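In: Mind looking at a prediction? Sequence and model below.
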Amino acid sequence: MNERRRLASVCALALSVTSIARAQTAPAPAAPTPVTPAPTAAPAGTVESSPPAASTPTPRALAHADTTGLRPISRNDAVNRAVQNSPALRLAEIDVKSAKAEVQGEQGRYPYYFGADAGYTRSTSTQLRSNDTVSSSSGHSVNGGVGLSRQFRTGTSAELRAEGEYFHDDSPSTAAGVTPFAASGYGASFRASVIQPLLRGYGTRVGEADLRAARVAQKASEKGLLRTRSALIGDVLSAYFELWYTSRAVDIETSSLALAREQLDQASARLSLGDISKVDLLAFQTRASELEEALIAAELGRQQRSVALSQLMGQAPPAADLFASTEPSLEGRRFELGEVETAMRADSVELAELEQRVKLARTQAEVAGETWRPRLDVEAWAQSAGVSTEFPNAWGRAAGGQYWSAHAGIALDLPLDDAGRHAEQMQAALRIQAAQQQLEAARRQVGADASTAIANERAARERLTSAQRTTTIADETYRAERERYELGQALVISVQEAEAALRRARLREARARVDAAQARLVLLHLTGGLLSGAGTSGAPTVD
């Protein structure tokens, strides 16, 4: 009777070993199947029959965690949502729009100005006689004028003006034998004036300085937008790969726990048959408890990575129920240091903005201290006037140019102290030096980052290859130790150590894949590769 029971037990265990071996090497399915809850271990000393083969979980179910209630998200979806919802990216876009508006404002800095004025004046003039008496006369006038003026980029100021007047003298003077003066009439005049600076404010070097600075600032803001977008995409993809790793870790821990629980059930059955001792059963129970703790920690890590990714995507409130559905891909050419350095010199998103800052400092330094320079202006004006008792005749005489006057002269304004000018020039020079030092520091840092990323990617790829080879060896070792244990040639601890080594190898393989992908992200960011083929809402090509 005992011989038959032993024979039945050995047959059942042989089937279980085959199932377990297949479970450890089963590929990932298209749609994960929820894990069947493991049965509670039987207390020591309880006699139970061996579980039927039909109740053993399938190999595919053992290899994957239950994703019920979780929301899958692809890599492209994560990037698209982040680009659409990122406040940092919106702020960078606002900076670009503001810079464009500033350029437009500087382009219209020198418009034509139309001016008009009108007024009424009453005046009294006095004359002193020799007998110390006063003679006075009074009059009033109404005048108005219009003008068109403009300041040009060369510093020149010009104005055209037309002015008309009605006047009335309350007590016009008369003299015998002389045609009396009119008591009232109309006056008109045309005037053209121009002022040309020769020192302070001369030429387009000064007149267009703010426009040149605004254009450079616009270019810098556009480069800053590219850098912000590339950094955002890199951060999102890095967080996505971390989410994939924690999701994969949950799968591995779930598979190991399911296997440990199955082994515990089998050990309980063997204990009931008297094939193993109670101490062996306790070892299986301890292992199952340890893996339960590991699974709880892995699930917590996945939730934390889900929250971090959802924050980068601009989701509020953050979601803890995401899992990555796209495995990090390492396909594509490998980067070489020389290639990366060439790409960074051509147009690096990390350096382009700082290069524009240096150019901006140099542009602003071109006119530093301009307000402290001596002022030497040439002034000239010409005027034609006409008067008449008739309004049209007054304008006709003014237009005829018969009664004209003109003026030409210079104006000098010379500061007696150059301290303010030298101080502004010194500050401008220091701003150039500071911008250059920032650019140089960034170049060195980016170069170091590129060298580190290349080394990290190469090491991670080598680790991945080694981990894949270790996983294969660990799987074979586990199956061999399991078979030896079933034949009574190995201890329980040997089987558990082999299974733990397989679990660690799988985790190292996933970690190495993520590390290699993240190192590649750094190189793609430094060379502008994350922006290739990606628009405002497009996802980049990172393979």
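Out: Now that the structure is in, tell me what you want to look at.

In: Which secondary structure element is home to D117?
Out: Applying DSSP states H and E as the criterion places D117 in strand 112-128.

In: partners of that strand in the sheet?
Out: Sheet partners assigned to strand 112-128 using DSSP bridges are listed as strand 134-151 (antiparallel).

In: and the strand it pairs with, average pLDDT?
Out: Averaged across strand 134-151, the pLDDT comes to 90.

In: do stretch 386-400 as well
Out: On average, stretch 386-400 scores 90.

In: which other residues reach it?
Out: The contact list for stretch 386-400, computed with CB atoms under 8 Å, 6 or more residues apart in numbering, reads 164, 182, 184-190, 384-385, 402-403. Where you see a C-beta, it was placed from the backbone N, CA and C, and this is true even at glycine.

In: Report the contact partners of the residue lying closest to A467 once chain neighbours are set aside.
Out: Excluding its sequence neighbours, the residue lying closest to A467 (CB to CB, 6 or more residues apart in numbering) is E509, at 3.8 Å. By CB under 8 Å, 6+ apart, the residues touching E509 are L464, A467, Q468, T470, T471.

In: ok, back up a step: just how off-centre is the strand holding D117 within its chain?
Out: Averaging C-alpha positions (CA atoms, centre = their mean, to the nearest Å) puts strand 112-128 60 Å from its chain's average.

In: same check, this time on stretch 111-120
Out: That offset, for stretch 111-120, works out to 49 Å (CA atoms, centre = their mean).

In: try stretch 143-163
Out: 47 Å.

In: Check which residues of it are buried.
Out: For stretch 143-163, a neighbour-count test (16 or more other CB atoms under 10 Å) marks G145, G147, Q151, T154, G155, T156, S157, E159, R161, A162, E163 as buried.

In: Quick check: end-to-end length of that stretch?
Out: 7 Å (CA to CA, to the nearest Å).

In: Touching stretch 149-163 from outside, list them.
Out: By CB under 8 Å, 6+ apart, the residues outside stretch 149-163 that reach it are 110-113, 115, 143-148, 188-197, 201-204, 206-208.

In: ok, which stretches of the chain are strands?
Out: Listed in chain order, the strands of the chain (DSSP state E) span 71-73, 112-128, 134-151, 157-169, 184-197, 322-324, 375-388, 404-413.

In: Quick one: closest of those strands to A442.
Out: Closest to A442 of the strands of the chain, according to CB to CB: strand 322-324, at 32.4 Å.

In: Relative to the whole chain's centre, how far out is the closest one?
Out: 24 Å.

In: From R463, how far off is L521?
Out: According to CB to CB, to the nearest Å, L521 stands 17 Å off from R463.

In: Mind checking which of those two has more residues around it?
Out: L521 (25 against 18; other CB atoms under 10 Å).

In: residues near the residue nearest to the more buried one when sequence neighbours are not counted, how many?
Out: Spatial nearest neighbour of L521, excluding adjacent residues (CB to CB, 6+ apart): G234 at 4.9 Å. Per other CB under 10 Å, the neighbour tally for G234 reads 22.

In: A116 now?
Out: Look at A116: counted by other CB under 10 Å, it has 8 neighbours.

In: pLDDT below threshold where in the stretch 351-500 of the chain?
Out: Along the stretch 351-500 of the chain, no part satisfies pLDDT under 70.

In: where exactly do the helices run in it?
Out: Under the criterion DSSP state H, counting those that start in this stretch, the stretch 351-500 of the chain contains helices at 352-365, 391-400, 419-486, 492-526.

In: want to throw those into a markdown table with distance to S325?
Out: Compiled in a markdown table, these are given as follows (distance: least, CB to CB, whole Å):
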| stretch | distance to S325 |
| --- | --- |
| helix 352-365 | 35 |
| helix 391-400 | 84 |
| helix 419-486 | 21 |
| helix 492-526 | 15 |
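
In: ok, L322 touching L243?
Out: Yes: assessed by CB atoms under 8 Å, L322 is found in contact with L243 at 6.5 Å.

In: what touches both of those two?
Out: S306, L309.

In: Can you tell me the centre-most residue of this protein?
Out: T228 (1.7 Å; CA atoms, centre = their mean).

In: how near is that one to R443?
Out: From T228 to R443 the distance is 20 Å (CB to CB).

In: ok, back up a step: for the contacts of stretch 386-400, pick the one with the most neighbours.
Out: In the contacts of stretch 386-400, the most neighbours by other CB under 10 Å go to A188, 23 neighbours.

In: Can you give me the pLDDT of that one?
Out: Reported pLDDT for A188: 94.

In: What is the burial count for I473?
Out: 13.

In: what does the one 10 residues further on give?
Out: By the measure other CB under 10 Å, the count of residues near E483 is 15.

In: ok, the residue nearest to T470 when sequence neighbours are not counted - contacts?
Out: Using CB to CB, 6+ apart and skipping the chain neighbours, the partner closest in space to T470 is A505 (4.4 Å). Shown in contact with A505 (CB under 8 Å, 6+ apart): A467, T470, T471, A474.

In: now those in TSV, with neighbour count and distance to N80?
Out: Shown next, in TSV, are those (neighbours: other CB atoms under 10 Å; distance: CB to CB, whole Å):
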residue	neighbour count	distance to N80
A467	22	32
T470	19	37
T471	21	34
A474	21	39
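
In: Give the bridge partners for L322, please.
Out: Going by DSSP bridges, L322 forms beta bridges with R71.
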